[in-house]
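Undergrad: Here is my input, please return the structure:
(chains A, B, C and D)
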2 protein chains.
Amino acid sequence: MAVTNYKATKSLKVIQSEVYSTNKIALSVDCVIFGFDENKLKVLLIRSDIKEYKGKWSLLGDLVNPEEGLDAAAYRILKKRTGLNDVYLEQVQTFGDINRHPAGRVVTLAYCSLINIQHHHLNIHDNELHWHCVEDITELAFDHRKIFDTCLDQLQKRVQEHPLALKLLPNKFSLRELQNLYEAILSIKLDRRNFRKKFFSMDFLMDLDEIEKNVPHRPGKLYKFDYTKYEKNKKKWAGIDF
Amino acid sequence: MAVTNYKATKSLKVIQSEVYSTNKIALSVDCVIFGFDENKLKVLLIRSDIKEYKGKWSLLGDLVNPEEGLDAAAYRILKKRTGLNDVYLEQVQTFGDINRHPAGRVVTLAYCSLINIQHHHLNIHDNELHWHCVEDITELAFDHRKIFDTCLDQLQKRVQEHPLALKLLPNKFSLRELQNLYEAILSIKLDRRNFRKKFFSMDFLMDLDEIEKNVPHRPGKLYKFDYTKYEKNKKKWAGIDF
DNA sequence: TAAATATTGTGTTTATTTTACACATTCATA
DNA sequence: TATGAATGTGTAAAATAAACACAATATTTA
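TA: Numbering: from 1, shown residues only, chains lettered A, B, ... in the order given. Sure, this is the predicted structure:
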């Protein structure tokens, strides 16, 4: 193989010309926004912008501007697409297969968030914007199915290590809601008594001395998550196990 | 806020012009290569290419070509910088602070790998290329210190969930070497008997019926890791705990 | 060749965590 | 006031994790 030999030191000029003459790569962000409603894990999708994928659903994305940081771009794009401006976004992975976008070389950064559907008002513009059940997702525009799968995998992993999932619930929630949420995200069934014991033993739930209203059965007690206590006592060390 | 209104459907032409007229973002890859030698965790660094950072050490990086995939770029760049061509690279995170690179807007993808220093020959070109003790790393060129820290954090987390770390050892290794490795990566002390019990109980170590040579004390038995067995029996479910 | 040194190899007890599992209580509704 | 539906609770058994000490073996040195 012909390996280019490098001078020990390059001037900025040389690098600048390399950078901007030969590069024709565009950067975009795609947001995967998870929500939880009616005991189902949902994801927010929009009708695709472009003809090639007309009718297909896609993630919330747009191009990154040259003069903005990556996280800033993600927040801007999410706001532009949905009106949401008070949600935490987290970078997940970057996708850049050569032919992933019909318009040319567009490398995209996947960002992920979890929001409480009831607490956030969607500001819908021209494009259709809808919550879709995660379990019903099949085909998406571009390589968005792959991006979505990656984000869902990461979500399933992360909710077991961090109290992320609680962002999807109302401030006051019952243990049943919490368990439904975990069962929906992980798509497994959990033992009710052991689930309760687990959460009580972690000791981050504050008993609010209130009970649910308007349920057609015995109402459950309501709790809220004590983030302050969590930050103080959270686990640092997982332990070797594979 | 002035939100741009979008037509329900855009033509590819429009998008193409948006993509390539307004975007002046370059993409690069930086590789964080970890190794293990003399019971120390090491990282492979190169003298910085450019004047601004002359004398500083930096990660192994270069620009992504428009016509290559991201992983392909990472492998190419690693090979170009080091001659290494048979190591597994994994994307970690993308860094894109506006002023992270003096030549302009360069967004970089961090890739990470672990290699056995004895098993890989470094092909050194013009630039100086050296293994540095991870514990001695202080300042690096660009924002490479931040990238390095992120990769080290991720390494510490991942070696506890996957048998990644074994890639850093010779094919045949003693339990002492294995423990030293984990202690170096995690920078903690582990109980020898419990460490051994843990690994034996996971049951992925094959006893080779050989012993160490040339050690100034009682030699230990040698083992190899059974990846096949691991793939069959690995854990799928971590459990909620935070 | 015997003693000193350094490290390997091994097991038990205790504490903690996880799992499996059933019934009485409470509220809403019919 | 009886029925339906979900809540709230405890225990025993099993699995895992943590703490901890001594005899065996090879090398080096006296």
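Undergrad: Please tell me how far whichever residue of chain A sits closest to DNA strand C sits from A:Phe173.
TA: Closest approach between chain A and DNA strand C, counting by Cβ to the nearest atom of the strand: A:Arg218, at 2.7 Å. All C-beta spots, glycine's among them, are computed from the backbone N, C-alpha and C. In this view, A:Arg218 and A:Phe173 are 16 Å apart by Cβ to Cβ, to the nearest Å.
Undergrad: Kindly report the same for A:Arg192.
TA: A:Arg192 is 15 Å from A:Phe173, by Cβ to Cβ.
Undergrad: out of A:Arg218 and A:Phe173, which sits in the busier spot?
TA: A:Phe173 (22 against 7; other Cβ atoms under 10 Å in any protein chain shown).
Undergrad: Tell me who's in contact with that one.
TA: A:166, A:222-224 (Cβ atoms under 8 Å, 6 or more residues apart in numbering or on different chains).
Undergrad: want to throw these into CSV with distance to B:Tyr182 and secondary structure?
TA: Converted to CSV, the contacts of A:Phe173 look like this (distance: Cβ to Cβ, whole Å; DSSP: H, G, I helix; E, B strand; the rest coil):
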residue, distance to B:Tyr182, secondary structure
A:Leu166, 32, helix
A:Leu222, 43, strand
A:Tyr223, 38, strand
A:Lys224, 39, strand
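Undergrad: Narrow those residues to just the buried residues.
TA: Buried residues within the contacts of A:Phe173, counting neighbours by 16 or more other Cβ atoms under 10 Å in any protein chain shown: A:166, A:222-224.
Undergrad: and those residues near DNA strand D, which?
TA: Among the buried ones among the contacts of A:Phe173, proximity to DNA strand D is found for none (Cβ under 7 Å from any atom of the strand).
Undergrad: can you name the two of those residues that are farthest apart?
TA: A:Leu166 and A:Leu222 (13.2 Å; Cβ to Cβ).
Undergrad: A:Cys31: which of the buried ones among the contacts of A:Phe173 is nearest?
TA: Nearest to A:Cys31 among the buried ones among the contacts of A:Phe173, with distances taken as Cβ to Cβ, is A:Leu166, at 20.3 Å.
Undergrad: Return the residues in contact with the closest one.
TA: A:173, A:178, A:225.
Undergrad: got the angle between the longest helix along chain A and helix B:144-158?
TA: In chain A, taking DSSP state H as the definition, the longest helix is helix A:144-161. Helix A:144-161 and helix B:144-158 meet at an angle of 70 degrees, taking axes from the mean of the first three to the mean of the last three Cα atoms, to 10 degrees as the criterion.
Undergrad: Contact partners for A:Lys224?
TA: By Cβ under 8 Å, 6+ apart, A:Lys224 lies in contact with A:171-173, A:205-206, A:208.
Undergrad: Have a look at chain A and report its longest strand.
TA: As assigned by DSSP state E, the longest strand anywhere in chain A is strand A:26-37.
Undergrad: How about that one and chain B, touching?
TA: Yes - counting by Cβ under 8 Å from any Cβ of the partner chain, chain B has neighbours in strand A:26-37: A:26-27.
Undergrad: now the very next helix or strand once past that strand: mean pLDDT?
TA: Proceeding N to C from strand A:26-37, the next assigned helix or strand is strand A:40-47, under DSSP states H and E. When pLDDT is averaged along strand A:40-47, the result is 96.
Undergrad: again with stretch A:91-111
TA: Per-residue scores along stretch A:91-111 average to 96.
Undergrad: Identify each buried residue in that stretch, please.
TA: Neighbour-count burial for stretch A:91-111, with 16+ other Cβ under 10 Å as criterion, is recorded at A:91-97, A:100-101, A:103-111.
Undergrad: and that stretch, how far apart are its ends?
TA: The first residue of stretch A:91-111 is 4 Å away from its last residue (Cα to Cα, to the nearest Å).
Undergrad: now swap in stretch A:114-133 and tell me
TA: Distance across stretch A:114-133, first residue to last, is 14 Å (Cα to Cα).
Undergrad: Pull the distance from that stretch to the chain's centre.
TA: 14 Å (Cα atoms, centre = their mean, to the nearest Å).
Undergrad: With stretch A:205-221 instead?
TA: How far stretch A:205-221 lies from its chain's middle: 29 Å, per Cα atoms, centre = their mean.
Undergrad: can you check stretch A:188-206 too?
TA: On Cα atoms, centre = their mean, the centre of stretch A:188-206 falls 24 Å from that of its chain.
Undergrad: So what touches it?
TA: Contacts for stretch A:188-206 (Cβ under 8 Å, 6+ apart): A:163, A:175, A:178-179, A:182-183, A:223-226, A:229-230, A:233, B:237, B:240-242.
Undergrad: buried stuff in it?
TA: A:195-196, A:199, A:202, A:204-205.
Undergrad: can you check stretch A:45-65 too?
TA: A:45-50, A:52-53, A:57-65.
Undergrad: Perfect, that will be all.
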